[in-house]
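Asks: could you work out the structure for the sequence below:
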Amino acid sequence: MHISSPRPTSWRNEPCWPIAMFYPLWLNTPPAILKGYLERVFGFGFAYGAGGRSYIPLLGGRKFISFSSSGAPVDWLKQIGAFDALCVLFDECFATLCGMTSLDHVHVGGITPGTNPFFVDARLKDVRKAVTQHFGKDEHASHENQA
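Replies: As a prediction, the model looks like this:
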């Protein structure tokens with residue numbers, strides 16, 4: 001039985017699109033399925049491993065940004081050290097291994113069942129602000145302002 005590769009090899013050599021990850025935090029860490037996805041899709045021979053050497057990245061020149069959400073406020077995650085650990089081990093280590101530049105990690109905390117829609121809208125604006133800051137004009141916001 002042949003299982004096709006889930007790796008999006010067609011875009012590896014395309015113009016440098018940024019890579020963005022959006023995920024929830026469970027017990028103050030990314031879910032295991034996300035780690036499995038990174039290992040399977042961004043594994044040896046695709047994201048790193050040029051010339052058969054594990055320390056040679058293959059996605060140089062690309063930009064990487066993370067967005068996470070949880071019920072915990074970001075200040076609390078920082079106080080207990082979880083946010084810094086997440087940024088170092090998940091964002092910086094992953095990006096460096098692959099040759100990418102980690103731009104930012106935007107965490108939206110306080111997301112729980114019954115969260116006020118105005119709070120959610122304000123956090124979406126925070127996400128758009130980060131995208132605009134790192135990548136330029138936010139076309140979606142321009143269309144909203146015209147309505």
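Asks: when you work out contacts or count neighbours from here on, use the C-alpha atoms and nothing else.
Replies: Fine.
Asks: name the residues that touch the helix or strand hosting Phe118?
Replies: Element membership of Phe118, judged by DSSP states H and E, is helix 117-135. For helix 117-135, contacts defined as C-alpha atoms under 8 Å, 6 or more residues apart in numbering pick out Phe67, Leu103, Val106, Val108, Ile111, Asp138.
Asks: okay, now the spatially closest residue to the third one that is not a sequence neighbour: neighbour count?
Replies: Spatial nearest neighbour of Val106, chain neighbours left out: Phe67 (4.8 Å); criterion: C-alpha to C-alpha, 6 or more residues apart in numbering. In terms of burial, Phe67 registers 16 neighbours under the definition other C-alpha atoms under 10 Å.
Asks: Ile65 now?
Replies: 22.
Asks: three-state assignment of it?
Replies: strand (DSSP: H, G, I helix; E, B strand; the rest coil).
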